[in-house]
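> Generate a structure from the sequence data that follows.
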Amino acid sequence: MRSSKSRSRGNKNRNRQNNGNNQNRVFDSSGPEGKVRGTPQQIIDKYNQLARDAALSNDRVAAENFQQHAEHYTRLLTEAMREAEARREAHEAQQRERQAQRDAERAEREANRAEREANPPRRDKETGQPNDPASAPQPDMAAIEQPDSGLVETPESKPKPRKRTRKPKVNPLDNPPEAPEAAE
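Have a look, this model is predicted:
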């Protein structure tokens, strides 16, 4: 028994996954009458036909041999079908789990929406606009005394001293003093 998939050449087939004994996979079987090629079901049918022909020609040994070959491929087909069923059930279980999770999320969103509708945001009496805590005046955190956090004070954390601005010097020549007015 040799799988025809193992004979493929070329780079295009290297990345394919082999899912084990697939019921549609093509096999080459070297039996007593020569090669038989096909899917497991086709090979089983062929060996059963050969066993019937051998039994009709009174060749018990050949008939038993063909029946054993057919039984071998029956086992392969049964195992492939069992694996396919297990994969299908696992896939369905995953799908049910995903659907249950989506349903739970949808129910949670609906509950949140219903809660928001039942408790609308408070509105300002004057403007009628929703009260937004973010738009309320915020406390000046710099004015609040902070307890000692145990951190070392660095030059970057100290407030920068304000630069003093000097009054410009007045040049008396630029602005001569006003002359006293003459008394009349």
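> Next SSE downstream of the one helix or strand in the chain whose mean pLDDT sits lowest?
Using mean pLDDT, DSSP states H and E, the weakest-scoring helix or strand in the chain turns out to be strand 2-3, at a mean of 54. Per DSSP states H and E, the first helix or strand lying C-terminal to strand 2-3 is strand 27-31.
> So which elements touch that following strand?
Using 3 or more CB pairs under 8 Å, 6 or more residues apart in numbering; DSSP states H and E as the contact test, the elements touching strand 27-31 are strand 2-3, strand 34-38, helix 40-56, helix 60-118. For the C-beta atoms, the positions are set from N, CA and C on the backbone; glycine is no exception.
> now the ones you listed as JSON lines including mean neighbour count and distance to D28?
Output for the helices and strands packed on strand 27-31, formatted as JSON lines (neighbours: other CB atoms under 10 Å; distance: least, CB to CB, whole Å):
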{"stretch": "strand 2-3", "mean neighbour count": "13", "distance to D28": "5"}
{"stretch": "strand 34-38", "mean neighbour count": "13", "distance to D28": "5"}
{"stretch": "helix 40-56", "mean neighbour count": "18", "distance to D28": "9"}
{"stretch": "helix 60-118", "mean neighbour count": "13", "distance to D28": "12"}
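> Let me have those in JSON lines, adding distance to G150 as columns.
Output for the helices and strands packed on strand 27-31, formatted as JSON lines (distance: least, CB to CB, whole Å):
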{"stretch": "strand 2-3", "distance to G150": "72"}
{"stretch": "strand 34-38", "distance to G150": "81"}
{"stretch": "helix 40-56", "distance to G150": "76"}
{"stretch": "helix 60-118", "distance to G150": "41"}
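> I'd like to know which of these is closest to P137.
helix 60-118 (26.0 Å; CB to CB).
> Just list what that closest one packs against, helices and strands only.
Contacts defined by 3+ CB pairs under 8 Å, 6+ apart place helix 60-118 against strand 27-31, helix 40-56.
> Specify the angle between it and strand 34-38 in degrees.
Calculated by axes from the mean of the first three to the mean of the last three CA atoms, to 10 degrees, helix 60-118 forms an angle of 20 degrees with strand 34-38.
> Centre of the chain to helix 60-118, how far?
21 Å (CA atoms, centre = their mean, to the nearest Å).
> Where does the prediction get shaky in this protein?
1-22, 121-124, 128, 130-133, 135-136, 142-149, 172, 174-184 (pLDDT under 70).
> I'd like the distance between I43 and H72.
Distance, I43 to H72, by CB to CB, to the nearest Å: 9 Å.
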